[in-house]
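>>> after the sequence you'll find the predicted model.
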Amino acid sequence: MKVRLPFRHQQAQESPYSIVVKDLTKCFGDFTAVNHISFEVRKGEIFGFLGANGAGKTTAIRMLCSLLQPTSGNATIAGYDLATQPKLIKRHIGYMSQKFSLYDDLTIFENMQLFGTIYGIPRKELKDRIFSRLENLHLADKSKTLVASIPLGWKQKLAFATAMLHRPDIVFLDEPTSGVDPIVRREFWNLIYEAASHGVTIFVTTHYMDEAEYCGRISIMSHGELKLIGTPTELKEQMQVDSIEKVFVKYVVR
Amino acid sequence: MAVISVHDIIKSYGHIRALKGVSFDVEEGEVFGVVGPDGAGKSTLFNILTTLLLPDSGTATVLGRDLFKEYLEIRKNIGYLPGTFSLYPDLTVEENLIFFATMYQSSIRENMSIIKPIWQQLMPFKKRPAGKLSGGMKQKLALCCALIHKPTLLFLDEPTTGVDPVSRKEFWEILGTIKTQGITVVVSTPYMDEATLCDRIALLQEGTFIRMDTPPNIISSFKGELVTLRTDDIFKLLRKMADCPLNCTFYPYGENLHVIFYDPIATILPQFEEFLQQNDIAYDNLMQISPTIEDCFIEIAGSTHP
Amino acid sequence: MKELQQILKKEFTHIFRDRITLFLVLAIPIMLVLLFGFTISTDIHHATISVLDLSNDSQSKALVEKITASGYFEVVSYPKSESEIGNDFRDKNIKLAIIIPNEFEEQLTNEKFVTIQIISDVSDMNVASILNNYVKAILIDFTNDYNGTATMPIELCTQMMYNPEANSVYMFVPGIITLIMIIVTALMSSITLAREVETGTMRMLLIAPVNKAWVVVGKVIPYMILSFISTITIIVISVLVFKMPIKGSVWLLLAVCIVFMLTSASFGTAISSLVKTQIDAMMITMMGLFLPTALLSGFLFPIDNMPYFFQILANIFPGKWFIIAIKDVMLKGSGFFDIWLYMLILFLMAAVLMTLSLIRLDKRR
């Protein structure tokens, strides 16, 4: 009998893809939330995951983060098998959402320390990493500020930095910029570009259609199915419209 | 006569000054948009105008009545859709509507004409618990509940936040029909593109109105020359732009880069093209365009932004 | 009025759709009563007793035979005089002594009342009460066999030893009624009011031109009804299963319960007017009302034995006054004029708290 796991791991390391999804399906009772979706995301790609409310985006993300057991189908995330290596997947991905990001009643440093420790970063190393991140964000002198008292935009940038502390291969961002002002939103996307340029794969959902244009490739989900996938330019040409917003409206209304 | 008239409203929570002296009037029958990011003070302003919260100082009248003394009268004639889903999730769609109708001494039958277009979309889900509706449907039900007593003034606190573009569009179409019934609407939103759908908007930033005017006026008073261009590697371009010697503000806008110049376009554009060529940047579609509300927000707020 | 009706309807809908909570609210009282009632296993077999048979005739022998045959008792000594009984308690560790009077058979045939005396070791109140009940049951059975009717010509005279102030073995019933009312009225109304704040529906109600008193009253009444059902269940179980006496008027008893429900509900609304989340409402009600009531109301520990400070403190918790009042009604048979002061105290507490919470609820902050 062959020992397959290390082999598979190595093979995945060489693959240009950091996410490979095959026929992933999730049913709740007789309701199919996610219906046989398949796609690949390259390493270092910014992949936009769009869809109407209730289209199945959140369910799909929860499966990819190995928080939810798929009904059928499988995926390889960061080179690990979703069905058999969920723990390794969790170690190599970062996650951030608009709904929950940081604890309001802890300081910036305490939050980052908490999440860093959870991911097993050694204490001394962790402190260095936290301060270098905070320096990047020009927040080093605010490390002792309670998260509750900082503006939402900063909070989201900090949450992103925190999700990146353990140097994940992939970060999942679930509506990271919802309600953030246009300027901070762009600053946030700067951080995303920077991370992607270092080879981190970005998997992001958003309701801002202009942000969809910032993505390398986007996909549009509707009623549990992946309807469209491609670069923003491709999709616009395909649908013969001049913005992703129009692609979205045209597609979802149909 | 102004439906809402606010003078120098100030509200602080502890050290945090949520509203730093806001004044404005809302005219009868208009859709007034309060546009600004989360934490700018939108909800505080709404809570004050809907008589839930007392400001530290300032005066205001709503529907011609004093906000402080006659708040009970005001309550009878305003409708309010809060920013978070505030209906009973375990009651059905119909039960929620009946409940709120009764709370306003009204009934569904009495004011069916106002909510009819929205209610028809909800009819198939009449017996479903409100908590099990999709996001868009929840908003429509909440809107029905806010309209069921036939208010003359409607407050909508971020009705479209976190809602997908299609549902957002639908929601604004519904607002259009509400307006035709003579109901004055005050709506807040973090989406700049929705601002153009309002008759007048106030850009709220850190507790102050940085601009208040009609969308066309705001756009026409844009100071600077706006230029757009497209490139394949926008991140690279952004980094190069950081070293750009020209006096400009730049930011990604969809797939394009927007650059605001503060000098006459005829002299600055050749210099800019030269800069792009020097830095080896492939681009196309370089042209001057008229700004959107989002460009205006960035231009106005950018000068005060940290 | 239509608004109140609608609020009540809505509240009942909440209650009936939340089956788990409804089940718990209705089942917990029954469980608690039975749990307390049977905490000490009722399967007491071969309890050691002494029998002082002063008549020693055929009927008295038959009675002793019946007691032994029941399997519950084992007669370890037949003392000759009452003075010997004390020694048996000390030396033979008997749980109970039965004294059958002179001329037992003769009195019985003449259909006179016979007094049988029982002396119990009440150092364990539960055991004593259970054994007493056994003896009672056996006696009823015995007279039944004798004349075919359930009327008992035999009177039981019980004397408590070692714990003469044992107040009552029925102490736990008033205690449970108190705790259940706090859980159902105070806890449930504070939690559900806090839920309205949490979900934002309270804001919708505040902004509506509806009388705020209706909102609170409509919220509280359904839980008062639930709690009233629970209370009646407890009383019925206590009377039927544990032979709890109700010496006073049942109506007065129910009236006292209703007043306490009001007080309890007012505590609930007052707590909810201070908090923003359901968790806070629950914690404050449990820690600030439920536990102190359990500990200080005299239900678990006699108030007289507490340090002076706690005796004073006990006064601010409504449970103390309520327990005194229903105990008096149930066990002493007190009438309205004996307990009106306690009812007034409870009522005043309710009025003050309800007013304060209504003011606070309607205040714009």
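That came through fine.
>>> let me know the pLDDT of residue 154.
Picked chain A for this. We note a pLDDT of 85 for A:W154 in this prediction.
>>> not what I meant, chain C
According to the prediction, C:I154 has pLDDT 60.
>>> now do the helices in the chain.
Chain wasn't specified; assuming chain A. A:5-14, A:57-64, A:86-92, A:108-118, A:123-136, A:152-163, A:182-197, A:209-214, A:232-239, A:244-253 (DSSP state H).
>>> to clarify, I was referring to chain B.
Under the criterion DSSP H, helices of chain B are mapped to B:42-49, B:71-77, B:93-103, B:112-122, B:135-147, B:165-180, B:215-220, B:234-241, B:265-278, B:293-302.
>>> now the ones you listed in a markdown table, with mean neighbour count, distance to A:R91 and mean pLDDT?
Backbone N, C-alpha and C define where each C-beta goes, glycine included. Putting those into a markdown table (neighbours: other C-beta atoms under 10 Å in any protein chain shown; distance: least, C-beta to C-beta, whole Å; pLDDT from 0 to 100) gives the following:
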| stretch | mean neighbour count | distance to A:R91 | mean pLDDT |
| --- | --- | --- | --- |
| helix B:42-49 | 24 | 39 | 91 |
| helix B:71-77 | 16 | 54 | 89 |
| helix B:93-103 | 23 | 44 | 93 |
| helix B:112-122 | 16 | 45 | 87 |
| helix B:135-147 | 23 | 33 | 88 |
| helix B:165-180 | 18 | 35 | 87 |
| helix B:215-220 | 15 | 49 | 92 |
| helix B:234-241 | 18 | 28 | 82 |
| helix B:265-278 | 13 | 43 | 89 |
| helix B:293-302 | 22 | 39 | 85 |
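>>> adding distance to chain A, write these out as CSV.
As requested, the helices of chain B are exported to CSV (distance: least, C-beta to the nearest C-beta, whole Å):
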stretch, distance to chain A
helix B:42-49, 10
helix B:71-77, 28
helix B:93-103, 16
helix B:112-122, 14
helix B:135-147, 4
helix B:165-180, 5
helix B:215-220, 14
helix B:234-241, 4
helix B:265-278, 19
helix B:293-302, 5
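>>> out of these, which comes closest to C:T293?
Closest to C:T293 of those is helix B:93-103 (C-beta to C-beta; 34.4 Å).
>>> between the two ends of stretch B:125-135, how far is it?
From its first residue to its last, stretch B:125-135 covers 13 Å (C-alpha to C-alpha, to the nearest Å).
>>> in that stretch, which residues are buried?
Of the residues in stretch B:125-135, those with enough neighbours to count as buried (16 or more other C-beta atoms under 10 Å in any protein chain shown) are B:125, B:129-130, B:133-135.
>>> hmm, who's touching it?
Outside stretch B:125-135, the residues that touch it by C-beta atoms under 8 Å, 6 or more residues apart in numbering or on different chains are A:53-54, B:87-94, B:96, B:137-138, B:141, B:162-164, B:167.
>>> for the nearest residue to B:C144 once chain neighbours are set aside, what are its contacts?
Beyond its immediate neighbours in the sequence, the residue positioned closest to B:C144 (C-beta to C-beta, 6 or more residues apart in numbering or on different chains) is B:I115, lying 4.7 Å away. Under the criterion of C-beta under 8 Å, 6+ apart, the contact partners of B:I115 comprise B:143-144, B:147-148.
>>> go with 7 Å
B:144, B:147-148 (C-beta atoms under 7 Å, 6 or more residues apart in numbering or on different chains).
>>> any low-confidence regions in the stretch 1-150 of chain A?
For the stretch 1-150 of chain A, residues meeting the criterion pLDDT under 70 lie at A:1-14, A:100.
>>> centroid residue for the chain?
In the absence of a named chain, chain A is used. Nearest to the centroid of the C-alpha atoms of chain A, with distances taken as C-alpha atoms, centre = their mean, sits A:F172, at 1.4 Å.
>>> wait, chain C was what I had in mind.
Centre of chain C computed as the mean C-alpha position; nearest residue by C-alpha atoms, centre = their mean is C:V173, 1.2 Å away.
>>> show me where the stretch 151-300 of chain C has its strands.
Read by DSSP state E, counting those that start in this stretch, the stretch 151-300 of chain C holds these strands, from start to end of the chain: C:154-161.
>>> flag every residue of it that's near chain B.
Near chain B, the residues belonging to the stretch 151-300 of chain C are C:199-201, C:203-210 when assessed by C-beta under 7 Å from any C-beta of the partner chain.
>>> what do you get if the cut-off is 6 Å, keeping everything else the same?
By the criterion of C-beta under 6 Å from any C-beta of the partner chain, the positions of the stretch 151-300 of chain C lying close to chain B are C:200-201, C:204, C:207-210.
>>> list just the nearest of those to chain A.
Proximity to chain A was ranked across these by C-beta to the nearest C-beta; first place goes to C:G200, at 16.0 Å.
>>> so that closest one touches B:T84, yeah?
Yes - with contact defined as C-beta atoms under 6 Å, C:G200 reaches B:T84; the gap is 5.2 Å.
>>> any idea how far C:M204 is from B:M103?
Note on C:M204: its distance to B:M103, by C-beta to C-beta, to the nearest Å, is 8 Å.
>>> next one: A:Q69
43 Å.
>>> swap in C:F38?
For C:F38 relative to B:M103 (C-beta to C-beta), the value is 48 Å.
>>> residue contacts, the residue nearest to the centre of chain C?
C:V173 makes contact with C:238, C:244, according to C-beta atoms under 6 Å, 6 or more residues apart in numbering or on different chains.
>>> tell me the predicted confidence for it.
The per-residue pLDDT reported for C:V173 equals 79.
>>> nearest to chain B: which residue in chain A?
When distances are taken as C-beta to the nearest C-beta, chain A reaches nearest to chain B at A:D181, 3.1 Å away.
>>> how many residues are close by that residue?
29 (other C-beta atoms under 10 Å in any protein chain shown).
>>> would you confirm that it contacts B:P37?
Yes - using C-beta under 6 Å, A:D181 and B:P37 qualify as a contacting pair, with a distance of 3.1 Å.
>>> shared neighbours, those two?
The contact sets of A:D181 and B:P37 do not overlap (C-beta under 6 Å, 6+ apart).
>>> ok, now which ones touch residue 52?
This is for chain A. For A:A52, the contacting residues are A:252, B:164, B:166, taking C-beta under 6 Å, 6+ apart as the criterion.
>>> not quite, I wanted chain C
The neighbourhood of C:L52, defined by C-beta under 6 Å, 6+ apart, consists of C:79, C:99.
>>> flag every buried residue along stretch A:231-243.
Neighbour-count burial for stretch A:231-243 flags A:232, A:235-236, A:241, A:243 (criterion: 16+ other C-beta under 10 Å).
>>> so how far is B:G39 from the residue of the stretch 201-306 of chain B found nearest chain C?
Chain C sits closest to B:G207 of the stretch 201-306 of chain B, with a gap of 18.4 Å, by C-beta to the nearest C-beta. Note on B:G207: its distance to B:G39, by C-beta to C-beta, is 9 Å.
>>> equivalent analysis for A:L173, please.
Counting by C-beta to C-beta, the gap from A:L173 to B:G39 is 20 Å.
>>> those two: which has the busier surroundings?
Of the pair A:L173 and B:G39, A:L173 is the one with more neighbours under other C-beta under 10 Å, namely 26 against 22.
>>> so that one sits against A:M96, correct?
Yes - A:L173 lies in contact with A:M96 (C-beta under 6 Å); the separation is 5.4 Å.
>>> which strand or helix spans C:L348?
helix C:336-361 (DSSP states H and E).
>>> buried residues in that helix?
Buried-residue list, helix C:336-361, by 16+ other C-beta under 10 Å: C:339, C:342-343, C:345-347, C:349-350, C:353-354, C:357-358, C:361.
>>> perfect, I'm done here.
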